[in-house]
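A.B. asks: Could you look at this predicted model? Sequence included:
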Amino acid sequence: MTESSIDFLTRLESNARTYARNIPTVLSQGAGTEVVDIDGRRYLDCLACAGALPLGHNHPFVQQRVIQFLQSGQLQQALDIATPAKLHFVQELYEMLPPAFAKRAKIQFCGPTGADAAEAALKLFKTATKRRPIIVFQGAYHGMTHGTLGMMGNLAPKQEITGLPGEVHFLPYPYVYRSPFGAGTSPEETERLSLVCLENALSDPESGIGKPAMVLLEAIQGEGGCIPASAHWLRQVREITQRHDVPLVIDEIQAGVGRSGDLFAFQQADIVPDAILLSKAIGGGYPLSLLLYLDQYDQWKPGAHTGTFRGNQIALVSGAATLEFIRNEGLLDHVKVVGDQLRQGLLQLQNRYPCIGDVRGRGLMLGMEMVEPDGRVDALGHPQAAGAIAASLKRACLNEGLIIETGGRHGAVLRFLPPLVITSAQVDLVLERLDRALATQMVSSTRVTKGTRHAEVLA
Ligand code: PLP
């Protein structure tokens, strides 16, 4: 018998592979939110390459710009040397940055992944402030390199890696559903206490935390479980960091470029950060990674952050086309409308399925946290996170033709990151497929009482 394509790749690919494990098929064609595998099965893609495809697969506007560029004879790779593609991209981006930030912003083209922008921020702010400590938040995700692993909340990926950069301090994020201050703490109180922790870390001479080179945060935590921070909390963090003369760096790698319904998620708070990290969607589907920062910090030396593949020309073209499309087609309004439709649908499902503990997020960055439906609680008194149910539901969704990812604490959050161009009719289809998947889940849940679900879920 000949070996199947999947078996062939599975045999050869690294044990560290990820999405390929959960989506064991060969995906071939794609248009917008839809992808098709080599057997002709169609899926709605609510993963969109982990948020890196803002306009979905093969968007005609972006595709046409890329084809024109490929046929134009222009340089396809140019290190970080000036090219027309780079010039146009930078003009487009600066047009769309919040003006108060844009007028003082410098741009560093980083290596092609988001993690490299976070690495660059570490180096820049350590250099500019001459300080070493870093403050991040529990649940944070800024990449998988050695340096960025040191700033990751999730313990599992770093458990076996010794010698991670030290002097990284983790403060509680305002995760209101699962308050780090214990069950029964109101959202307002959770935010207030989180801010008290930050203020205390920066002002208590015995906090054990030296004055940090930066406070780095996601305005909506992505991998941490799709946890949005409120505008109030972001404004207060800005106020506290400013008062203590600590740079505030906002990682917009996942939430940026329209996903939240604003171009950048921090804009709901109307603040000016000291720096922004961008990757994923900013390349319009091609690899691009940027660190933007206020000019007063531009104190590193020439060559302080190099890398061969910085400023990928195709990504500059597709990124500029994507920004143009977002602006000209009013895509941010569309994100708000269909995002609200998806959220309302998820809330309705929550009314029917007791394993859905929480529905949250902004725009088209939504999460649905699964909990044990039998009312069990964890050590802090919160509903017990149900990672196994989420994993099983993800598989059931795939069977229904819906690609979706899990994340968050214990992998218990189903995360919706569809292309920003998803239509209202497709949102209805997503909800129908999810409903059917949940219904199969409930059948297996009922069997818990008969003692079979655990084995079934882990199989
Ligand atoms: N920062 C955030 C908020 C992310 O969500 C991610 C990736 O998911 C990264 C950084 C790292 O980006 P990359 O995977 O391209 O290195």
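C.D. replies: Now that the structure is in, tell me what you want to look at.
A.B. asks: Would you mind measuring from Ile282 to the ligand?
C.D. replies: To the ligand, Ile282 is 11 Å away according to C-beta to the nearest ligand atom, to the nearest Å. C-beta coordinates here come from the backbone N, C-alpha and C atoms, glycine included.
A.B. asks: What is the neighbour count of that residue?
C.D. replies: Neighbour count of Ile282, defined by other C-beta atoms under 10 Å: 28.
A.B. asks: my guess is it meets Leu288, correct?
C.D. replies: Yes: using C-beta atoms under 8 Å, Ile282 is in contact with Leu288, at 5.5 Å.
A.B. asks: which residues do these two both contact?
C.D. replies: Shared contacts of Ile282 and Leu288 (C-beta atoms under 8 Å, 6 or more residues apart in numbering): Gly319.
A.B. asks: which stretches of the stretch 101-250 of the chain form strands?
C.D. replies: Assigned by DSSP state E, counting those that start in this stretch, the strands in the stretch 101-250 of the chain fall at 105-109, 134-137, 168-171, 214-217, 220-221, 227-228, 248-251.
A.B. asks: In space, what's closest to the residue of the chain found nearest the ligand - neighbours in sequence excluded?
C.D. replies: Taking C-beta to the nearest ligand atom, the ligand has its nearest neighbour within the chain at Gly114, 2.4 Å off. Here the nearest residue to Gly114 in space, its sequence neighbours aside, is Ser279; by C-beta to C-beta, 6 or more residues apart in numbering that works out to 3.4 Å.
A.B. asks: what residues are up against the one you found?
C.D. replies: Applying C-beta under 8 Å, 6+ apart, the residues near Ser279 are 110, 113-114, 116-117, 253, 287-290.
A.B. asks: and Val36, that one's in a strand?
C.D. replies: Yes: Val36: assigned to a strand according to DSSP: H, G, I helix; E, B strand; the rest coil.
A.B. asks: quick one: it from Gly30, how far?
C.D. replies: 7 Å (C-beta to C-beta, to the nearest Å).
A.B. asks: Comparing those two, which shows the higher neighbour count?
C.D. replies: Neighbours were counted for Val36 and for Gly30 using other C-beta under 10 Å; Gly30 has more, 19 against 15.
A.B. asks: The helix or strand harbouring that one: partners in the sheet, and parallel or antiparallel?
C.D. replies: For Gly30, the host element (DSSP states H and E) is strand 27-31. Strand 27-31 pairs in its sheet with strand 34-37 (antiparallel), by DSSP bridges.
A.B. asks: Contact partners for Pro373?
C.D. replies: Contacts of Pro373 (C-beta under 8 Å, 6+ apart): 353-355, 386, 445.
A.B. asks: Columns neighbour count on top of these, output as TSV?
C.D. replies: Formatted as TSV, the contacts of Pro373 follow (neighbours: other C-beta atoms under 10 Å):
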residue	neighbour count
Tyr353	20
Pro354	15
Cys355	22
Ala386	25
Ser445	21
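A.B. asks: Just flag the most distant two among the residues you listed.
C.D. replies: Spanning the widest gap among these are Tyr353 and Ala386, at 11.4 Å by C-beta to C-beta.
A.B. asks: Around the ligand, pick out the residues from this structure.
C.D. replies: Residues of the chain lying near the ligand by C-beta under 6 Å from any ligand atom: 50, 113-115, 118, 141-143, 218, 222-223, 251, 253-254, 279.
A.B. asks: Swap in 5 Å and give it another go.
C.D. replies: Contacts of the chain with the ligand, taken as C-beta under 5 Å from any ligand atom, map to 113-115, 142-143, 218, 222, 251, 253-254.
A.B. asks: So which of the residues you listed are in helices?
C.D. replies: By the criterion of DSSP state H, membership of these in helices covers 114-115.
A.B. asks: Which two of the residues of the chain next to the ligand have the greatest separation?
C.D. replies: Using C-beta to C-beta, these reach their maximum pairwise distance at Thr113 and Glu218, which is 16.2 Å.
A.B. asks: Those two: which is more packed in?
C.D. replies: Between Thr113 and Glu218, Glu218 has the larger neighbour count (other C-beta under 10 Å), namely 28 against 21.
A.B. asks: Look up the closest residue to the more buried one, ignoring the ones flanking it.
C.D. replies: Distances taken as C-beta to C-beta, 6+ apart place Asp251 nearest to Glu218, at 4.9 Å, with adjacent residues excluded.
A.B. asks: With Asp37 instead?
C.D. replies: Leaving aside its sequence neighbours, Asp37 sits nearest to Thr25 (C-beta to C-beta, 6+ apart; 4.4 Å).
A.B. asks: Would you confirm that that neighbour contacts Arg41?
C.D. replies: Yes: in terms of C-beta under 8 Å, Thr25 counts as a neighbour of Arg41; the distance is 7.0 Å.
A.B. asks: So between these two, which is more surrounded?
C.D. replies: Of the pair Thr25 and Arg41, Thr25 is the one with more neighbours under other C-beta under 10 Å, namely 16 against 13.
A.B. asks: mind listing what that one touches?
C.D. replies: For Thr25, the contact set (C-beta under 8 Å, 6+ apart) comprises 6, 37-39, 41.
A.B. asks: Please tell me which one of these counts the most neighbours.
C.D. replies: Result: Asp37 is most packed of the contacts of Thr25 (other C-beta under 10 Å), 15 neighbours.
A.B. asks: For the stretch 251-400 of the chain, which segments count as helices?
C.D. replies: Secondary structure of the stretch 251-400 of the chain (DSSP state H, counting those that start in this stretch): helices at 313-328, 331-352, 387-400.
A.B. asks: for the stretch 201-350 of the chain, which spans come out with low pLDDT?
C.D. replies: Across the stretch 201-350 of the chain, nothing is flagged by pLDDT under 70.
A.B. asks: residues near Cys197, how many?
C.D. replies: 17.
A.B. asks: Excluding chain neighbours, give the residue nearest to it in space.
C.D. replies: Leu171 (5.0 Å).
A.B. asks: Quick check, the one you found in contact with Phe137.
C.D. replies: Yes: taking contacts as C-beta under 8 Å, Leu171 lies within contact range of Phe137: 5.7 Å.
A.B. asks: Compare those two (neighbour count), which wins?
C.D. replies: It is Phe137, of Leu171 and Phe137, that has more neighbours when counted by other C-beta under 10 Å, with 27 against 19.
A.B. asks: Now do the contacts for the residue lying closest to that one once chain neighbours are set aside.
C.D. replies: Setting aside the residues directly before and after it, Phe137 is nearest to Tyr173 in space (C-beta to C-beta, 6+ apart), at 4.0 Å. Tyr173 makes contact with 137-140, 180, 194, 217, 221, 224, 227, 229, according to C-beta under 8 Å, 6+ apart.
A.B. asks: Please identify which pair of those residues lies farthest apart.
C.D. replies: Using C-beta to C-beta, the contacts of Tyr173 span at most 14.6 Å, a distance reached by Pro180 and Leu217.
A.B. asks: out of the contacts of Ser279, who has the most neighbours?
C.D. replies: Highest neighbour count within those: Ala117, with 33 neighbours (other C-beta under 10 Å).
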